[in-house]
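> can you look at this prediction? I've put the sequence above it.
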Amino acid sequence: MMIKGASRNLKDHIGRTAIELIDENIAPFLHNELVSILGPQPWQPPCSQTKTPLLKVQKNFKTFAIYVFLVLSTFVQLHLFVFPTPTFAPWVLQLNIHFLIVNVFFFLASFRDPGRVTKRPEL
């Protein structure tokens, strides 16, 4: 439920949060796992994905803009410093076409709705 946006700080009618309801008499590995899930989450840049966040994840256009900047600047630098040729080489055209195709499909995939898994009505 936390991945869908539920709050860790909600309180019951007595005023206890979910982390306070963890029983001390359960197995230590389960206790530690629940404390790590319900406790405060460390902040990480959304694009790093070093650990799947136990938070609701939303689209982040800042990450998309950083990707576009890095890819375009790398492409320009490759043409300025790595591939400078006095004559036109056919592989440069192939490289440019490949770059264009890959990024067109990336942009199309970025702006499409990925869909949602829905429950079938007959179940």
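Okay, I see it.

> helix, strand, or coil at Lys11?
coil (DSSP: H, G, I helix; E, B strand; the rest coil).

> distance of it relative to Ser36?
21 Å (C-beta to C-beta, to the nearest Å). For the C-beta atoms, the positions are set from N, CA and C on the backbone; glycine is no exception.

> likewise Asn103?
Taken as C-beta to C-beta, the span from Asn103 to Ser36 is 39 Å.

> of those two, who's got more company?
For Asn103 and Ser36, the more surrounded residue by other C-beta atoms under 10 Å is Asn103, and the numbers stand at 15 against 11.

> list of residues touching the helix or strand containing the more buried one?
For Asn103, the element it lies in under DSSP states H and E is helix 90-111. With C-beta atoms under 8 Å, 6 or more residues apart in numbering as the test, helix 90-111 has contacts from 64, 71, 75, 79, 83, 85.

> the fourth one: how many residues sit nearby?
The one in question is His79. 14.

> now do the SS call for it.
Going by three-state DSSP: His79 is helix.

> for it, which non-adjacent residue is closest in space?
Using C-beta to C-beta, 6 or more residues apart in numbering and skipping residues adjacent in sequence, the residue nearest His79 is Val92, 8.0 Å away.

> next, count neighbours for the one you found.
13.

> offset the numbering so it begins at 141, please.
In the new numbering, first residue 141, that becomes Val232.

> next one: it relative to Leu218, how far apart?
10 Å.

> on the three-state scheme, Glu160 is what?
Under three-state DSSP, Glu160 comes out as helix.

> residues contacting it?
Glu160 neighbours (C-beta under 8 Å, 6+ apart): none.

> how near is it to Arg148?
Distance from Glu160 to Arg148, by C-beta to C-beta: 11 Å.

> appreciated, that's everything.
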